[in-house]
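**Q** Build the 3D model from these lines:
(chains A, B and C)
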Amino acid sequence: MSQPSRDSLAIKVKGLSKAFGRTGVLRNLDLEVPWGEFLAIFGANGSGKTTLIRTLASLTRPDSGQIDVAGLSSRREGEKIRTIIGVVTHNILLYEELTVYENLKFYGRMFALKDVDQRINDAVGQMGLSHRMHQRVRILSHGMQKRLSIARALLHHPSILLLDEPESGLDQEALGLLQKAIGITKGSLRAVLMTTHNVEYGLSMADRVAIIADGKIVHKESKETLDVAGFRNTYLHFTGSAL
Amino acid sequence: MIRNFLGPIWAIAWKDILLEIRTKEIVTPVVVFAILVVVIFNFAIEPTPQMVAAVAPGILWVAFTFAGILGLNRTFSLEKDKGSLDGLMLCPVSRDTIYFGKVLGSYLFMLAVEAIMLPVFAVLFNLSLFLPEVILVAATATLGFAAVGTVFSAMAANTRSREIMLPVLFFPIALPVVIAAVEGTAGTLRGDGWSEIGRWVQLIGVFDVIFLVVSGFAFHFALEE
Amino acid sequence: MTTGIKRTITQEKVVLSSYTNLFLLGVLVLMVFNLYLIFVWVPTDQNLGNVQRVFYFHVPIAWVGFLAFFIVFIASVVYLIRGSEKWDALAYSAAEIGVLFTSLMLLTGILWAKPVWGVWWTWDARLTTTLILWFIYVAYLMLRAYAPRGSQGARYSAILGIIGFIDVPIVYFAVNWWRTLHPEYVVGPAAESGSLETSMLVALLISVVTFTALFSYLLTQRYSLRWAETLIERLHYNRV
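**A** Residues are numbered from 1 along each chain as shown, chains lettered A, B, ... in the order given. Just a heads-up that it's a prediction; the model follows:
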């Protein structure tokens, strides 16, 4: 196993289950994301989208099941996994009373990054926040905070991105910036898993789409063969709500 | 290797200090609260000048313990409320790095509170406590508070009625430290020798070491959802 | 999967009904015999009189309390390492019974202390440690009620089960040393009763055996109930 990540999958999930008391959120979920793929997962509220992302990011401990990220086992090699994943969640994961620079500097130190200041400049520039560098996060608008949280997630040039409904709270311009940022880092970035319930956005970004319902992946489809109306019907069939 | 381990620990503690300098949400209110505790005890006990040396250690440590609880409650709810704990957990460091970073931060806050309290106490009770023995006792006992308090405050932050849960978890476990700290301080005021006071400091030291190790292990299981 | 769980529940039930009735019968017989020994057979203590008979309850109850918390500790460690809910169910069941017995222990201790020591309560090392123990495991049950549902709450209580148990000897040392600086004053007929007579020792030992049997019965009952609850929860969220 001298070259672990070449032929193995970027993300491989087997039999993943998680319950909160009587509520089963993930039920025996299987999922594979090969390198080079951008997978968009569609699902209704409460379908397990967020828990899936949080479990992959080692924020939530699964009750059972196996997660391998880049061939690393989440149970034993969580630290290594965290160096190669970038995560955007509903929360901005920033300290409101620290400035943009201080927040990123803190994460830079936690990731033990070299030439932190250069990276901070690049990341902040990419998200169009350069002039906000020394303002406190609290006084930034919601959209700005969201942009900053994306800059934070990309700071260490992760090779796998986990995005939980990134389009929520982002304006059109910021969405473009995110798309560009993903494109720019494509050299190092090799797989993206995104949850969403915005069909236009999801389809515009992804190579492949999937539907999650009741804690399971119930449908998968490649975008080349995709017929949007048919996909909407499939979604309605599994989730009981329109996309 | 050591640097790799200590770097993130210090980064976390420094971030907490920076936040505290900005918001002043911990040290200042906690000091005010601790002084109030002392004032209330003064009226509850009405110590005469002869009694002061006998009751002062107890009053001092009740104030420190309550102040500690208040500060510990803040250190994790601060991370929890804004979801920044998730950000911390996404960093490629082991869970005990986060534990030691938070312990260090809480420890420094509590020491700051105590450093402000000691002169205030000296004025109110006309009794100087700036003695090397007392400082040693306070430094070790406070580390014990931070060691168990950090893991409990991480747990309480996710628990309903967390304001009451933290003291209910913390006080019984921390009792040996409170006893040893009160006796060590009282021994100093009585003029006991190092052998007598050292015994209590040793007890606190044993507590500190055991619970830094055990809580560090337990913390792995406390953080994740 | 669902049928698997149903089958497990049925099997557990079968095991419960056939053995536990016998077990219960045995415990009942033993308890009646034990009561006979304590109240009729064993001679009355010459110094303390009838109140000394509390002792035959107090000591076995104390033993069972400590045993229960030791089980909590072991089950908590195994749960954190293995993650199997069975160990969590065992830890929780033992904690509940342990709190029950520690409460009884404090109560019988108070009944003992008043006539023998002349005070309802004294801050001696054993009493104080027991009181702190009681507080720790009451906190354990509270934590269980208030913590988030699912494995996080179970992990929280396992952590307390471990920290709490390790803390007990340190509490005992601290209170014991503290005690040497603040000697208690005893006004009753004094606690130094010397060595026990053989018949008293026999009664005590049999009482310990009886209470241990009672404890095992309660623990197996509580455990199977708790485990059935867990399985039902699983059924609940594995519904198709």
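
**Q** With adjacent residues omitted, what lies nearest to B:Val137?
**A** Distance criterion C-beta to C-beta, 6 or more residues apart in numbering or on different chains; nearest residue to B:Val137, sequence neighbours excluded, is B:Gly184 at 4.0 Å. Quick note: C-beta positions are derived from backbone N, CA and C, even for glycine.

**Q** List the contacts of residue 207.
**A** With no chain named, the answer covers chain A. Counting by C-beta atoms under 8 Å, 6 or more residues apart in numbering or on different chains, A:Asp207 touches A:Glu37, A:Phe38, A:Leu39, A:Ser222, A:Lys223.

**Q** I was after chain C.
**A** C:Asn34, C:Leu37, C:Ile38, C:Tyr56, C:Phe57, C:Val59, C:Pro60.

**Q** Show the buried residues in the contacts of A:Asp207.
**A** Buried by 16 or more other C-beta atoms under 10 Å in any protein chain shown: A:Glu37, A:Phe38, A:Leu39, A:Lys223, out of the contacts of A:Asp207.

**Q** okay but the second one is in contact with A:Val192, surely?
**A** Yes - counting by C-beta atoms under 8 Å, A:Val192 is a contact partner of A:Phe38 at 4.4 Å.

**Q** Could you tell me which residues touch both of the two?
**A** Counting by C-beta under 8 Å, 6+ apart, the residues touching both A:Phe38 and A:Val192 are A:Met205.

**Q** any idea which helix or strand comes after the helix or strand of chain C with the lowest mean pLDDT?
**A** Within chain C, no helix or strand scores below helix C:2-36, which has a mean of 73 by mean pLDDT, DSSP states H and E. Downstream of helix C:2-36, the first helix or strand assigned by DSSP states H and E is helix C:55-82.

**Q** quick one on the thing from earlier: what's the neighbour count on the residue nearest to B:Val137?
**A** A count of nearby residues for B:Gly184, using other C-beta atoms under 10 Å in any protein chain shown, gives 27.

**Q** contacting residues around it?
**A** Here B:Gly184 is in contact with B:Glu133, B:Val134, B:Val137, B:Ala141, B:Ile197, B:Trp200, B:Val201, B:Ile204 (C-beta under 8 Å, 6+ apart).

**Q** Show the subsequent helix or strand relative to the helix or strand containing it.
**A** Assigned by DSSP H and E, B:Gly184 belongs to helix B:162-190. Next helix or strand after helix B:162-190 toward the C-terminus (DSSP H and E): helix B:194-223.

**Q** which strands and helices sit next to that next one?
**A** The contact analysis (3 or more C-beta pairs under 8 Å, 6 or more residues apart in numbering or on different chains; DSSP states H and E) places helix B:194-223 against helix B:95-125, helix B:132-157, helix B:162-190, helix C:151-181.

**Q** near chain C, which residues of chain B?
**A** B:148, B:151, B:155, B:158-161, B:165, B:168-169, B:171-173, B:175-176, B:179-180, B:183, B:199-200, B:203, B:206-207, B:210-211, B:214-215, B:218, B:221-222, B:224-225 (C-beta under 8 Å from any C-beta of the partner chain).

**Q** residue contacts, the nearest residue to C:Thr129 once chain neighbours are set aside?
**A** With C-beta to C-beta, 6+ apart as the criterion, C:Thr129 has its nearest non-adjacent residue at 4.6 Å, and that residue is C:Tyr172. Applying C-beta under 8 Å, 6+ apart to C:Tyr172 gives the contacts C:Ala125, C:Arg126, C:Thr129.

**Q** what about B:Thr23, distance to A:Val100?
**A** For B:Thr23, the distance to A:Val100 equals 17 Å [C-beta to C-beta, to the nearest Å].

**Q** Close to chain B: what parts of chain C are there?
**A** Proximity of chain C to chain B (C-beta under 8 Å from any C-beta) is limited to residues C:80, C:132, C:135-136, C:138-139, C:142-143, C:146-148, C:152, C:155-156, C:158-160, C:162-164, C:166-167, C:170-171, C:173-175, C:177-178, C:181.

**Q** Show the buried residues in those residues.
**A** C:80, C:132, C:135-136, C:138-139, C:142-143, C:146-147, C:152, C:155-156, C:158-160, C:162-164, C:166-167, C:170-171, C:173-175, C:177-178.

**Q** Where does pLDDT dip in chain C?
**A** When residues are selected by pLDDT under 70, those of chain C lie in C:1-18, C:183-196, C:237-240.

**Q** Could you check the angle the longest helix along it makes with helix C:55-82?
**A** For chain C, the longest helix by residue count, based on DSSP state H, is helix C:198-237. When axes from the mean of the first three to the mean of the last three C-alpha atoms, to 10 degrees is applied, the directions of helix C:198-237 and helix C:55-82 differ by 40 degrees.

**Q** Many thanks, have a good one.
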